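Student: Pasting the sequence and the predicted model now:
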Amino acid sequence: MANFDKNSDEYISNGHYNYGGKEWMSVWTFKKNNDGTTESTNEINGAEGKKLISNGVPYHISAPDFGSFREIFIYPITELEKFYNL
C-alpha cells in the first residue's frame, strides 16, 4: 500500500492526491470540497471510512498536513461520489 504526505509528487492539497491516474481524497477533504454532503465529525467520518473499506473500496494511507491523526485513509473520488450519491 502506498503512503503519501505533503512532500509526495502525488500531493495536490491536504487529503487530496493524484495517483495511478485517479484523484484520491480523505472523507474530510471530500466533504470540505462538497459543501453540505453530510455532517463532518471525526466520529462520523471514521465510521463512513470504515463502511467504504467494508464495501471493498480501495484506499491508501496518507499523513495529514495538520491535526492529531498520524495517518488518514484516502479513497478514489469516484467511489466517494457514489457513496455520497453525488
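Tutor: Here it is on my side, so go on. Numbering: from 1, shown residues only.

Student: residues touching Lys22, list them.
Tutor: Neighbouring residues of Lys22 by CB atoms under 8 Å, 6 or more residues apart in numbering: Pro76, Ile77, Thr78. C-beta: built from backbone N, CA, C; applies to glycine.

Student: On the pLDDT front, check the second one for me.
Tutor: Which is Ile77. Looking at Ile77, its pLDDT stands at 98.

Student: how about low-confidence regions in this protein?
Tutor: Within the chain, the stretches with pLDDT under 70 are 1-2.

Student: now the residue nearest in space to the middle of the chain, nearest residue through space, not along the chain?
Tutor: Note on the chain: the residue nearest the mean C-alpha position is Ser26, at 1.4 Å, using CA atoms, centre = their mean. Leaving aside its chain neighbours, Ser26 sits nearest to Gly15 (3.6 Å; criterion: CB to CB, 6 or more residues apart in numbering).

Student: rewinding a little: quick one: the residue nearest to the centre of the chain from Lys32, how far?
Tutor: Distance, Ser26 to Lys32, by CB to CB, to the nearest Å: 9 Å.

Student: Now for this protein: which helix has the highest residue count?
Tutor: Under DSSP state H, the helix in the chain containing the largest number of residues is helix 42-54.
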